[in-house]
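Q: dropping a prediction and its sequence here:
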Amino acid sequence: MKRRHSYSAIICRLLLPAFLLLASCSTTKTLTEGQLRLAGTKITVTNDKKFNTVQLNPYLRQQSGAWSPFIYVYNWENGKGKGWDKFVHKLGTAPVIYDSTLVGSSIENLKEHLQYLGYYDSQVDTSTIRGKNPKNVKVNYYVRLGKRYPIRDIRYEIPRDGSFRNEFFADTSASLLRKGCLLSEKLLDEETERSAHHLRDLGYFDFTKNHFYFEADTVSHPDSARLKILIKHNTRNEKEKEAFVFSKYQIGKVSASYPSKLRIRQGFLSGLNNIESGSTYNETAVNTLYQRYSAVGLFTSVNIQMNPDPQTHKVDCDISLRNSKIHGFKLGLEASVNSSGLFGVTPEFTYYNKNIFRGGERLTISFNSNHQIKFGNANISSNEFAVSAGLLFPKFLPFPAKMIKGPNMPNTEVNFSFNYQERPEYIRTRFKASFGWSGNLRRHFSYNLTPISVQYVRMPRIESSFENSLSNNPFMRNSFQDQLDAGLHSVLYYSSSTEVVPSTSYWYGRFQFNSSGNLLRAFNSVMRHDAVSGQGLIFKVPYAQYVRAELTLGKTFIWGRKMGQSFAMRAMVGIGHAYGNSIALPFEQQFYAGGANSMRGWNARTLGPGAEAMETKWVIPNQTGNFKFEANVEYRFRLFWKVAGALFVDVGNIWNIGESFDPAYSLTAKSFLPTIAADWGAGLRLDLSLIVLRVDLGLRLRDPARAANDRWVGPNEWFRNDNYCFHFGVGLPF
């Protein structure tokens with residue numbers, strides 16, 4: 001009888017050796033006589049439990065930082081100061097040496113910031129606590145928030161320069177300063193920024209937030225503040241003799257310069273320009289101009305210099321552009337191998353030209369392939385070749401560029417691709433063409449809308465025994481037939497970070513929705529129909545009809561020295577449903593699990609659906625389903641040089657949903673948890689700035705294809721049978 005392994009036993013066996021190793025090490029071994037390690041800092045607000053103390057942490061002059069196992073590694077030194085010591089110091093995290101003088105400056109920082117937030121005369125006390133190790137010390141900061149003053153009334157003193165006074169008062173309805181608001185420097189700063197920007201949008205080019213002055217009277221009414229807002233002709237940094245009258249500016253000359261070697265159509269540049277000579281200066285319009293030029297992706301530098309003439313009250317707009325590398329190529333590679341000897345490799349080559357027609361049009365041509373072979377059996381192999389070409393126009397075709405006034409210029413994309421698959425069971429070809437738009441919505445959202453997507457699938461050869469196995473499964477047979485897929489595809493993406501490579505913690509979401517065959521269904525009554533299946537035909541080929549949706553949510557925490565540590569989480573769920581003219585999703589629209597970016601304890605397409613074992617009719621694994629759930633966590637940490645490490649856990653599976661599928665492999669409320677798969681593993685990442693090379697070892701923790709009472713995989717089995725996989729990839733898995 002096989003031994004069962006509980007989840008807790010697996011975790012204990014996995015983590016116990018690591019805990020014993022760390023427990024035997026010291027975090028203060030490297031300290032010299034008289035030095036203490038700052039083991040922790042804590043801020044407690046004594047008179048307001050709802051106050052968020054996290055916002056105060058940046059104002060502590062010294063912090064212990066987040067806990068890291070690499071502080072133990074740093075203390076593995078032997079004290080000789082030679083090669084080994086240098087290595088562990090480079091690999092580990094140095095302890096923070098406690099400095100008592102920084103406690104006093106931290107107290108002052110906290111008081112100043114609390115006053116900025118509107119807490120006047122706050123009190124901060126501290127205490128230091130030694131740990132069990134007398135060389136470890138923790139510092140506690142006890143904050144008593146000061147008094148707050150609601151605004152009792154607001155008075156104004158505004159210059160009468162032309163229409164300036166009237167235009168200022170017309171905007172006070174949008175002011176952040178209102179009767180009853182709690183007075184704070186932060187609120188005053190935010191209002192001056194907002195109001196000054198609004199006035200510059202009205203043409204007052206040289207008006208800044210520093211023209212605002214404030215007087216707050218908290219004496220006349222001790223529990224409230226009377227606020228007076230003044231605007232003066234000189235800023236807080238200028239003398240009165242430097243004062244000037246507020247005047248509106250007009251746009252003077254508008255010119256653009258760029259390197260002579262950059263061949264570009266003038267009509268393209270003028271189509272992006274939303275600023276016209278003679279118009280009233282508007283700061284938002286200038287910012288929009290910058291964003292429009294930057295969004296093209298053709299320029300590495302966009303510099304807009306506004307040169308005012310105080311005599312004529314005109315401001316010239318000089319645009320300086322520096323182009324990035326116009327054309328080049330990219331290489332990609334993924335590979336995986338498991339203990340059964342099944343090896344797969346996916347190379348990719350991409351050529352791009354960012355200015356193919358001298359108007360910022362981007363041409364992309366890609367070649368990729370996938371090859372799988374089983375060592376020791378040359379008859380078990382598969383090959384896939386694909387070529388694709390895409391053309392991106394930086395405009396919203398068929399509409400003119402001038403029609404789009406905002407900063408987010410849509411792109412128009414036209415794509416073509418051809419795919420050839422040769423497997424022991426069949427030969428399959430696929431041709432696809434699509435037309436759509438992509439772009440950004442505000443700062444954090446991006447989209448891809450493809451209203452026209454047509455794909456033609458042809459099966460020129462099907463091996464006879466495989467074809468016979470399909471005869472007993474109409475759903476699989478429907479997926480492996482000549483088919484036309486015509487419909488709409490869309491993707492909406494959100495990221496809380498606007499950086500290409502985020503340097504701080506962020507979260508993201510991605511929603512994909514595909515629909516096909518619904519428009520064609522409207523003409524079903526006039527189509528020819530297959531005599532056996534009854535499916536509507538277009539040029540003697542049945543068309544697919546389905547809907548498919550996929551949602552991905554992720555969060556990545558980044559912290560530590562040089563932001564060298566991160567903890568990434570991802571969860572995704574997807575579902576597809578065929579109806580009308582189809583009884584099964586097309587093969588490309590079905591879900592699969594496993595591989596370098598999925599369940600890393602399995603090769604791609606070797607897991608599921610549900611508790612199903614590998615289907616014998618597939619010489620090369622090809623497990624798919626119409627529902628998928630997956631969750632992943634990964635701890636990433638910098639090791640040395642450009643090398644980083646990772647520890648990860650993946651859980652998930654694919655299933656089939658529907659009464660017509662085998663109940664043993666279908667998804668139900670009762671079968672979900674029992675058929676969840678799990679793996680864990682470790683990996684290395686080589687960050688070369690432009691690309692990240694990655695290798696991962698995935699070990700199975702729970703395999704739903706095993707017997708129901710033996711699905712947990714014990715440590716003594718991890719490197720046996722098919723319980724581990726190596727994956728090589730380019731880029732992070734998520």
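A: Right, received. Where do you want to start?
Q: isn't Tyr635 right up against Trp680?
A: No. Tyr635 lies out of contact with Trp680 (C-beta atoms under 8 Å); the separation is 11.1 Å. For the C-beta atoms, the positions are set from N, CA and C on the backbone; glycine is no exception.
Q: for those two, indicate the residue with more neighbours.
A: Set Tyr635 next to Trp680 and count neighbours by other C-beta atoms under 10 Å: Trp680 wins out with 21 against 16.
Q: wait, is that one part of a strand?
A: Yes. According to DSSP: H, G, I helix; E, B strand; the rest coil, Trp680 belongs to a strand.
Q: which residue is the nearest non-sequential neighbour of Ser453?
A: Once flanking residues are discounted, Ser453 sits nearest to Ser434: 4.3 Å by C-beta to C-beta, 6 or more residues apart in numbering.
Q: mind checking what secondary structure that neighbour has?
A: Secondary structure state of Ser434, per three-state DSSP, is strand.
Q: shared neighbours of Tyr635 and Trp680, anything?
A: Common neighbours of Tyr635 and Trp680, using C-beta atoms under 8 Å, 6 or more residues apart in numbering, are Leu647, Phe648.
Q: from Asn303, how far out is Asp309?
A: Distance, Asp309 to Asn303, using C-beta to C-beta, to the nearest Å: 20 Å.
Q: sorry, slip of the keys, the one I care about is Phe168.
A: Distance from Phe168 to Asn303, by C-beta to C-beta: 31 Å.
Q: so for those two, which sits in the more crowded spot?
A: With neighbours defined as other C-beta under 10 Å, Phe168 and Asn303 compare such that Phe168 has more, 22 against 13.
Q: could you report the pLDDT at the closest residue to that one other than its chain neighbours?
A: Closest residue to Phe168 apart from its sequence neighbours, by C-beta to C-beta, 6+ apart: Ile158 at 5.4 Å. Ile158 is assigned a predicted lDDT (pLDDT) of 96.
Q: just Ser381 next, same as before
A: Listed pLDDT for Ser381 reads 85.
Q: what is the neighbour count of the closest residue to it other than its chain neighbours?
A: Spatial nearest neighbour of Ser381, excluding adjacent residues (C-beta to C-beta, 6+ apart): Ile373 at 4.4 Å. By the criterion of other C-beta under 10 Å, Ile373 has 18 neighbours.
Q: for Phe393, give its distance to Asn355.
A: As for Phe393, its distance to Asn355 is 12 Å (criterion: C-beta to C-beta).
Q: equivalent analysis for Asn723, please.
A: Shown here: Asn723 relative to Asn355, a distance of 51 Å by C-beta to C-beta.
Q: where does the stretch 1-150 of the chain have low pLDDT?
A: Within the stretch 1-150 of the chain, the ranges that satisfy pLDDT under 70 run 1-25, 66-68.
Q: can you list the low-confidence ranges for the stretch 301-450 of the chain?
A: Scanning the stretch 301-450 of the chain for pLDDT under 70 picks out 338-340, 378, 400-403, 405.
Q: in it, which spans are strands?
A: 314-323, 327-338, 342-353, 362-374, 377-393, 411-422, 426-441, 445-462 (DSSP state E, counting those that start in this stretch).
Q: between the third one and strand 327-338, how many degrees?
A: With axes from the mean of the first three to the mean of the last three C-alpha atoms, to 10 degrees as the basis, strand 342-353 and strand 327-338 are set at 170 degrees to each other.
Q: what's stretch 95-102 in contact with?
A: The contact list for stretch 95-102 (C-beta under 8 Å, 6+ apart) reads 27-28, 30-31, 35-38, 61-65, 71, 74-75, 137, 139.
Q: now do 7 Å
A: Contacting residues not belonging to stretch 95-102 are listed as 27-28, 30-31, 35-38, 61-62, 64-65, 71, 137 [C-beta atoms under 7 Å, 6 or more residues apart in numbering].
Q: now the helices: where do they sit in the stretch 101-250 of the chain?
A: When secondary structure is read from DSSP state H, counting those that start in this stretch, the stretch 101-250 of the chain shows helices at 101-116, 164-170, 185-201.
Q: now the stretch 451-600 of the chain
A: Using DSSP H, counting those that start in this stretch, the helices of the stretch 451-600 of the chain run over residues 464-471, 474-479, 518-521.
Q: please identify the deepest-packed of these.
A: The highest mean neighbour count among those belongs to helix 474-479 (a mean of 18), with neighbours defined as mean count of other C-beta atoms under 10 Å.
Q: give me the mean pLDDT for that helix.
A: For helix 474-479, mean pLDDT is 71.
Q: drop anything exposed from the contacts of stretch 95-102.
A: Among these, those classed as buried by 16 or more other C-beta atoms under 10 Å are Thr27, Thr28, Thr30, Leu31, Leu36, Arg37, Leu38, Gln62, Ser64, Gly65, Ile71, Val137.
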